[in-house]
Structures are given as structure tokens and as C-alpha cells.
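**Q** Need a 3D model of the sequence below.
(one chain, ligands or ions: 1)
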Amino acid sequence: MPTPAPIHEPHKVKTIRAIAFPSIDARKRNLAAAEFNVFNLTPAQVGFDMVSYGCGAMTQEQLAGQLIGDEAYAGSRNFITLNEVVTRVLGHTYVCPTHNSLGAVKLLLHAFAKHGQTLPSNARGRVDLHAPRGIELVDARDHGDAVFTGNFDLARLTASVQSSRPPFIGVQAFADGQHPISLANLRASRQIADQHGLRLVLDVSRVVENAWFIQRHEPGMADRSIADIVKQFSKTAHVILMDGAQDARANTGGFLATDNPADHEHFINDIVVYEGLHTYGGMAGRTMEVMARGIEEMCQESGVQWLMQQTERFTARLREAGVPLERGCDGAYLRADQFLPQVKEHPAHALACALYQSSGVRALVQGLVGHDALLPLQIPRFALSNRQLDQIADAVIALYRQRELVPALDRVHADDWHDALRFRGVFADLATFDFDCEPWMIHTLEPIALTTREQRERAIREAGWNTFLLRSDEVMIDLLTDSGTTAMSTTQWAAYDAALPTPATSDAYLDFAAAVREAYGYEHVLPTHQGRAAEQILSEVMITPGQIVPGNMYFTTTKVHQEYAGGEFVDVIVDEAHDPTSHFRWKGNIDLAKVDAIVREHGAGKIAYISFELSVNLAGGQPVSMDNLREVYAYTRKHGIAVMFDATRAVENAYMIQSFDPRYANTHVKDILREIMLYGDGATVSGKKDFLINIGGLLTYKDNAEWARKSEAKLRIYEGGVRDGGLPAADLAAMAQGIREMTDDRYIRARVEQARRLADRLKAVGVPVVEPTGSHAVFVDARRFLAHLDQEQFPAQRLAGEIYLESGVRVMERGIVSAGRDHDGNNYHPALELVRLTLSRRVYTDDHLDEVANGIIRVWQRRERITGLRFTYEPKDLRFFQGRFEPLPAGA
Ligand code: P61
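**A** Coordinates of the predicted model:
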């Protein structure tokens, strides 16, 4: 049986690159400036760039390899690595590196071919390279096979070989990106080559996709691994060549390889003339390293299955809508002539322009003019989510439905090559397609663990049924927290790497301070290493022992610091927040009557400040309304009480206001955030959330220099310098950039709506979740999920463990264990007994979350058989972090 199609990516997102999404006006301007040839558009002018060559996402290991290039002129160790990997994965001993596949073709032809010869091949694309050299390609493909359309017609191949004595037989794996060849046919071709004393030269740039077709469709191959097929396949040839920018997902690079030392000698003698030296071949050391790592990884079964699932899904969606296309190994190749029958000249260019105009998607016409009926829409390997791909397909379908409006282009410059054509055009009145998906492409990815149930049983036992104590390599999908788990952008990384270090005032600090002032409108900016450090300082500066700190629901670290500073936390959140079934929209609101009761009883002077959390975490990520913010601020102004925000998820709160307060529907999140912050006097922020970074925090005051001065004094003692808070300049720089990215309307929408879709899937089958769905997480109500358990049996803690056991998904208890014990040693009994499925920013796709939902639904179906837990070890403070448990026996 072939491996079933995977449900989600076998990796998560490590770093992203932002997509620009130019407006329709900008797109028209860009097209005109590009003379209606989309080749002239830059990626920054494009929404989705549907080209696969050199545009795939690397793994974090490949990215790391970039810095392991030893960049030696001779004898580079990266070359030795490359040689070893090629031999191991592709089975050839002698490797001759080249700067890309053109370099390989150059050496090959120089070594073996002469002007005027003909060359039988199963590919046509290479005509573009051979024709200018006076070598004629003969198409020897068997046009009869429905699946293996890249197969040779063996009789024709034999005849061609006998009549024209070619220099070698050329084969491409997945010829022209469209035609796979079977292993049997490849072997038969090898026999023909051997019989005639010829070399079989195989281009393995797309070997993985071809191997998948063999695994799926060639008789007797279903049980063979991709790695096994790839090796067999490539060993069948005398000489292989590869372009590193295809399956190996490097941005360039290539090589020739063979088992024949004499051939190898030819190549390395020529290489010094054309490419470089035989141990670097015109590549940077880093390129060899990245390519080698890519070759090592490319046969990984789950990755290949994911890749091909995407291609099939994308193609099927277009096909179902009637869009004329041909199969591509890396996408769908649109039949531009049938798509736009009214356009007689250069239909692929007209289609590319119309697609860009209507949606910002770019598809590229390449090569020699003449074969331009096809417009390839290639999927950059691993760089897009299925959600994005579905919408890209929908953009094409939307265009197809208005295809008769698409005008022909008027060519003003003719040329042999597509990239040099220039046109004049008119803009048809095309309806535009708007994307509602992740506004980024995946830049690098991190493989995720695939575990068995037995492994998970051992892991959860060893972790004492505490998901905090699991190792991340035991976790498949990690929804423990959204804290510090963000995928940073390439722009953030660029700032990180460029930051100049210093223990004094860094440029990065100044940039960070400017970003904070711009985002919040607050004057005094104190970096801290994370949120709780800011909370400690704020609490010590603002609380006189004996004072009360009213707040909208406790947060663990916040409350601990208020208490350590001698304060008493009093919960003043609206009652609805404690009712997981209430659909009240603004469950983060403060109940002013509760505040007023405290003021009346104790006097305003007894209140240290109002601790006002935005998008209240433990209530379920519930927002505060703008009206409530205003009312609370007006009240506190009157009584001389300060308002201190926990602005950790303020941006998410701002998005909720945009979504649910009709007065703000057309206001940018950035502007809503500025208004929110007007209604307070200072804020602590755990930067590990909104700021899109992995570490960092902030203490900021609107205008009170005295608080700032006192806080700085503490910063020096607890954290680091006043301008770094213990953070390196690099982290400050990444944080500054993150602050600029966090208010992007598309980003924050994609983030928050992802939580809603997950909750909807669970709700659809009756799994009880906190209503309404919050901004950063979905909270499952363990009290109703495990209704047969007493709260003292820690239902949420048990449920968290069961979800891990079932699916390898890690979630967090937020209930009685987190609430801790009171002064008398009794457990607090919080109204909310929840597990939190927290969504990291820019890390998981909807497909990952579908698997999360599937796992929880499976637990739901067997919920009656689940027992509670008891402590085997209980620490005094914040016991949920280190506490250990064991399951109660059935019937307990
Ligand atoms: C979280 F189980 N949150 O949600 P720091 N304020 C708010 C937070 O959400 C927050 C902090 C302050 C975490 C991490 C975490 O008991 C726990 O940067 C609203 O983590 O110091 C952190 O910011 C503290 C999880 C923290 C916990 C404490 O997953």
C-alpha cells in the first residue's frame, strides 16, 4: 500500500517572509512599468510568486548550513560532504560540482557532444539550451502512456540511436516538469544505451517527484521507500546531473556525478575553464553545504508525500472548476491557449498579466518563444500552506470565470526569448480577488517529531502527567503556549544579525524605543528580559504593602509579583468571564461597580493601581471593549487611581474591537491600539506574544518620569542596563521590527481567525469550549468534558495528558492546579477548569490544527473511561510548572 496522504505538514514554520499584497492600483502601475511582461516584476511587487525554482523553503538545518560553508578555494570540506551525500543518496561515486545545472550541461556537452549532432531525449525544455549550440534534440517520448508520459518509445529510441549515433541519450526525471518516467522504462533505456556503447545521462533535478509517481503507479513499487527508489533510479544512469534549486531546495548549485573515473576526469579537466575548481565548481561553500543537506533530506518520506499531496490538491481544485491545464510535478501548467481562445498571440503572457492584475499572483512564461501555450503555476516547495494554495487556485478560477474579458497584448518588441518580449496592454475591467490567508510565505521550516503511542505513554508517565515536563522532541504539535514560540520574519532576522552589540546605548534600543512610542504613544521605554520581570519592577514601584490591586482576572506571574510586593489582588472582571458558556462579547471587561465598591469601602488611596489586562489570557483570550476602557479610565481619573495595562496581547484585543465593534470596522488595528493605550498610564508587556519574538519584555509609562526613574533603578539591579534590560542589542532589534509587524491587519486577522476555525471544528461535534472563542487560544472546558470527575481530581490536568497521549499534541492546564492554594492550604476552586490550546504565531497551518481537532475528538469519544489524577509531588509556588501526578485507578 502506498503511504496514505498526510494530514498535515511534517514540519512547522521556523521563519517567514512577508508578502506584500500590492493594491490593484499598484499592480496596474507595476504591470505598465514592466511592459506587460511579468518577468520584469520583482517579488516585492508580487503577492504569491508561483515559481518553484530556487524558491522553496529550506529546513533550519539547511539554513544553519549556510554558515558552515568553509569558503575555501581548494579542497573545501563542504565539497567532501557533498560528495559523500551524493554517493549515499544517489549512488554515484565521483562528483563534479557546478554552479547550477547549466554549468553541468556545459561540461557535459563539451566533453561528449559536437556541433551538428542529434540527441534523443524525453524532454523538450532542454531544446532551449541545446539549439543555440547546434545540437538537435529528438523527441523520443512514448506519447501513449497515460501515467508515465516521460517514458521513451523504446523502438523509436533504438532507431534514433542507430541512425544518428548520438553523443549520449538524455533523460530527465519528470521531463519538462510534466512527464515522469517509470523505472522499468529507464532501465530499458539503459540497456539500449549499453547495447550501443552510449552513456545514459540523467537529469535528477526533480527525481523525488518522479520517484513518488513510481511508488504510486508502477507495479510492484508501492512498498518501496522514496529513498530506495531515488537511489535505484539514479544509479540506472551512467552520468547524473542535478540542479540544486529544485528538489534539494538550495537557492542555486548543481553537479555532475558518475561511477566512471574516466568521465569524471573529463569533467574536472574542463571545470577549471568553465566553472571553477573541481572542489567547488563555481559555488560558494555554503551553497554546497545547503545543497548537500537538501539532498540528504529530499527523500524523507513524509515530506515527499506532503509535497505531492499539495500538487495534487491544487491541480484537482483547478480541474474541477474546468480550468484547462496539464499536470506538473510541482503545480498546474495552465493551457493558456484554451484558457484564452480569443487571444491568438502570446496567450500565456496575456494570461499572466490578467492573473497578476486580478490577484497579484505571478506565473512565469520562460524559455524560448514558440512553445508558449503553457503557463506554469508552480508551487514553491514547502513554502505555502494548503489554505493559501486553495485561495490561489480560487484566484485562477475567478479569472477563468471572466476569461472573455481578458484582452490580447500588443507586442512592441519581438525576441527569441520570453523574458525579452515587451508589450503594450489595456487593463480589462476584471474583478479582483482578495486573499484571506497567512500574509507570508514559509522561509525555513523545522521538522516535527513523529511519535508512536507507546513512546507517548512512556513520555507522559516520565513527565508525571505534567505537559510542562514533556520534552519538545516528544511533542508533535505544540500548543502549550504562544509565548516565545513565534516564527520570526526574515526582516527580523536581518535586523537581529545587523545589530551592533554594546553594553551602552545601542542603535537597536533607540529603534526599539521609537517603535514602542509609535505603537503605544508612551514616552518612557524600559526593556526587560520578559514580561514577569517588568511585572516585578512595576509591582515594587507602584505597590505600598497593604494596598489592593484590582484586576480583570489574575494571571499567575502578575499576581505573584503583586503579592510579593505586599499587595492584595482583587478580581474585578465581569461575572460573565467566569462562565465558560456565556456568549458575552467583552468578557475581558472590568465591572466598574466592583471597583467602586472597593473605593467606597477602603478609599481610593488604598488602591495601588488598576491591573488591566487586554485580551484576558485566563478568561480564554477574552477582549475588553473600547467603551469599558474609556469608562474605567474616566472613573480612575476622577479618583486619582493609575491604570496599568498588561498589554501582552493588546494587539489581539485591538483586532477583536475591529471585528466586533462596528464603529471600528474600518479602523486599522494600529490606530485602535493607539486609542486603547490612551486609556492607561503605563503597561507591562511580555514581548514573547504580540511582539513576534522569542524573548523579551517591556515596561513602559505614558508620561510619568518619576515612575520611570524608580523603575530604572530596579532595572539596573534585576535585569541589566537601563537601555537593554538584560537583552542583547540583537533581540532589541528583532523586537523593534516585530512591533512594526504586529499591527499588520492581515497578519493579526490570520492569527486570530485560525483560533476561531479550530474552535468551530470542535464545537461542531459537541466538544465544550469557552465561548466566545478568544484571540490566542481555544480553551476546552474540562469540567464539562470530564463531567464525571471532581475538580479535586484535576480534570483539566488529566485531559491535557490524554490529548497528548492520543495525538502527540501538547496543551496546558488552566484550572485548579494553576490556581494553587490559599493561605490556609486549601485549593482555590476557580470557576474555570480548562485546557488551553494555544496557537503560536505564524508556526502552524490549518492542516496542523485539523489534526489537533481530530485528536481531541477521539478523546471526546472515549471520555467516560478517563479517570482523575493525584499529586505525587507538589511545589509551593506556581505548582503547575513542576508538579507531578499519577492517574487514579478506575472507580476512584
Ligand atoms: C502563557 F503557565 N504568558 O500564556 P513572561 N502576562 C500575561 C501572560 O500571558 C504572560 C505574562 C504576563 C504565558 C507564559 C506563561 O503560569 C505561566 O514573558 C498576560 O512569560 O514572563 C505569560 O510573561 C508573563 C505560562 C507564564 C504560564 C506563566 O503561556
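**Q** Would you map the strands across the stretch 301-450 of the chain?
**A** 325-328, 331-335, 374-378, 410-413, 422-424, 440-447 (DSSP state E, counting those that start in this stretch).
**Q** Next: the stretch 151-300 of the chain.
**A** Under DSSP E, counting those that start in this stretch, the stretch 151-300 of the chain gives strands at 168-172, 199-203, 239-243, 254-258.
**Q** and the ligand, which of those is closest to it?
**A** strand 239-243 (43.9 Å; Cβ to the nearest ligand atom). (C-beta placed from N, C-alpha, C; glycine too.)
**Q** Partner strands of the closest one, with direction?
**A** strand 199-203 (parallel), strand 254-258 (antiparallel) (DSSP bridges).
**Q** Please work out which residues outside the first one touch it.
**A** Yep, that's strand 199-203 we're talking about. 101, 108, 112, 123, 168-173, 186, 189-190, 193, 233-234, 236-243, 263 (Cβ atoms under 8 Å, 6 or more residues apart in numbering).
**Q** what mean pLDDT does that strand have?
**A** Mean pLDDT, computed over strand 199-203, is 97.
**Q** quick check: angle from it to strand 168-172?
**A** 20 degrees (axes from the mean of the first three to the mean of the last three Cα atoms, to 10 degrees).
**Q** coming back round to it: so can I have TSV of the strands of the stretch 151-300 of the chain showing distance to the ligand and mean neighbour count?
**A** Output for those, formatted as TSV (distance: least, Cβ to the nearest ligand atom, whole Å; neighbours: other Cβ atoms under 10 Å):
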stretch	distance to the ligand	mean neighbour count
strand 168-172	50	26
strand 199-203	49	25
strand 239-243	44	27
strand 254-258	46	29
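**Q** out of those strands, nearest to residue 812?
**A** Judged by Cβ to Cβ, the one of the strands of the stretch 151-300 of the chain that comes nearest to residue 812 is strand 239-243, at 45.1 Å.
**Q** Give me the distance between the two termini of stretch 46-60.
**A** Distance across stretch 46-60, first residue to last, is 25 Å (Cα to Cα, to the nearest Å).
**Q** So for residue 686, which of the strands of the stretch 151-300 of the chain sits nearest?
**A** Here strand 239-243 is closest among the strands of the stretch 151-300 of the chain (Cβ to Cβ), at 45.0 Å.
**Q** Let's see that closest one as CSV, backbone CA atoms only.
**A** Output of strand 239-243 as CSV, limited to C-alpha atoms (Å, rounded to 0.1, in the frame of the first residue of the first chain):
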residue,chain,number,x,y,z
VAL,A,239,26.0,10.1,-15.5
ILE,A,240,23.6,12.1,-13.5
LEU,A,241,23.3,15.9,-13.2
MET,A,242,21.3,17.9,-10.8
ASP,A,243,20.2,21.4,-10.3
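**Q** Quick check: mean pLDDT of the host helix or strand of residue 748?
**A** Residue 748 belongs to helix 745-764 when assigned by DSSP states H and E. Helix 745-764 comes out with an average pLDDT of 98.
**Q** Give me the angle between that helix and strand 440-447.
**A** Using the same axes, to 10 degrees: helix 745-764 against strand 440-447 is 60 degrees.
**Q** in helix 745-764, what counts as buried?
**A** Within helix 745-764, the residues that count as buried by 16 or more other Cβ atoms under 10 Å are 746-755, 758-759, 761-762.
**Q** Quick one: those residues as TSV, columns for distance to the ligand too.
**A** Conversion of the buried residues of helix 745-764 to TSV gives the following (distance: Cβ to the nearest ligand atom, whole Å):
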residue	distance to the ligand
746	24
747	19
748	17
749	21
750	20
751	15
752	15
753	20
754	17
755	14
758	17
759	17
761	22
762	20
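**Q** Mind picking out the helix or strand in the chain with the poorest mean pLDDT?
**A** Taking mean pLDDT, DSSP states H and E as the measure, the helix or strand of the chain with the lowest value is helix 127-130, at a mean of 70.
**Q** Give the next helix or strand downstream of that one.
**A** Criterion used, DSSP H and E; the element after helix 127-130 is strand 136-139.
**Q** residues in contact with that next one?
**A** Under Cβ under 8 Å, 6+ apart, the answer for strand 136-139 is 117-124, 126-127, 130-131, 160, 164, 166, 170.
**Q** do the same with stretch 839-855
**A** 7-9, 12-13, 16, 385-387, 438, 440, 477-479, 481-482, 485-487, 489, 689, 692, 747, 751, 754-755, 757-758, 761-762, 776-778, 803, 806-809, 837.
**Q** same thing but at 6 Å, please
**A** Contact with stretch 839-855 is made by 7-8, 12-13, 16, 385-387, 477, 482, 485-487, 692, 751, 754-755, 758, 761-762, 806-807, 809, as judged by Cβ atoms under 6 Å, 6 or more residues apart in numbering.
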